[in-house]
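Visitor: Predicted model follows, preceded by the sequence.
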Amino acid sequence: MGAGGEAGARVLVVDDAPFLRRRLRDILEAAGHRVVAEAEDGDQALALYEEHLPDVVTLDLVMPRRDGLETLRALRARHPDAAVIVCTSLSGEPALLEAVRLGACDYVLKPVSPGRLLEAVAKALEAVRRARGPRPQGAGAGGGAAPGAPEGRKP
């Protein structure tokens, strides 16, 4: 499933507020996506990204220990093709503009609208597909890593 053209994406949800993580999970799973992990701060997000190699990351900007911008910087340095959607209440703030400059695919303002979140996920998945190019014949579920994917990543 995921970035190879199938319906559901594998998603890492990153937010320090448990109720917001739950809200995002509920929206995503109701739409057929699979939340593979949840993180409450940037350090945890980076470790979980390495472990799960999700198709998409939803990332809060304001978190303890390592904030969203630091997390995005570190994630994109290690995984330039990481599809990140920023979820924030910081409309028009310099931090939001910096996140887009650092490579966030899209952003969603809190309170999160289900339609807007799902639109952002679709946009992120399409960006991943374009970056990786078409998949070879026979590379369906469990068929190996997508072209351009980090070593060991299975879509």
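Guide: Right, received. Where do you want to start? Numbering: from 1, shown residues only.
Visitor: Quick check: mean pLDDT of the one helix or strand E50 maps to?
Guide: Using DSSP states H and E, E50 falls within helix 42-52. For helix 42-52, mean pLDDT rounds to 98.
Visitor: what's the helix or strand following it in contact with?
Guide: Once the chain leaves helix 42-52, the next helix or strand it forms, by DSSP H and E, is strand 56-60. Applying C-beta atoms under 8 Å, 6 or more residues apart in numbering, the external contacts of strand 56-60 come out as 9-17, 20, 24, 33, 45, 49, 68, 71-72, 75, 82-88, 99, 104, 108, 117, 121, 124-125, 128. (Glycine included, C-beta is placed from N, CA and C.)
Visitor: relative orientation of strand 56-60 and helix 42-52 in degrees?
Guide: 170 degrees (axes from the mean of the first three to the mean of the last three C-alpha atoms, to 10 degrees).
Visitor: Please state the offset of strand 56-60 from the chain centre?
Guide: 4 Å (C-alpha atoms, centre = their mean, to the nearest Å).
Visitor: now do stretch 18-35
Guide: On C-alpha atoms, centre = their mean, the centre of stretch 18-35 falls 12 Å from that of its chain.
Visitor: again with stretch 116-134
Guide: 10 Å.
Visitor: And for stretch 39-50?
Guide: Using C-alpha atoms, centre = their mean, the offset of stretch 39-50 from its chain centre is 12 Å.
Visitor: in that stretch, what's buried?
Guide: Using 16 or more other C-beta atoms under 10 Å as the test for burial, stretch 39-50 gives 39-46, 48-49.
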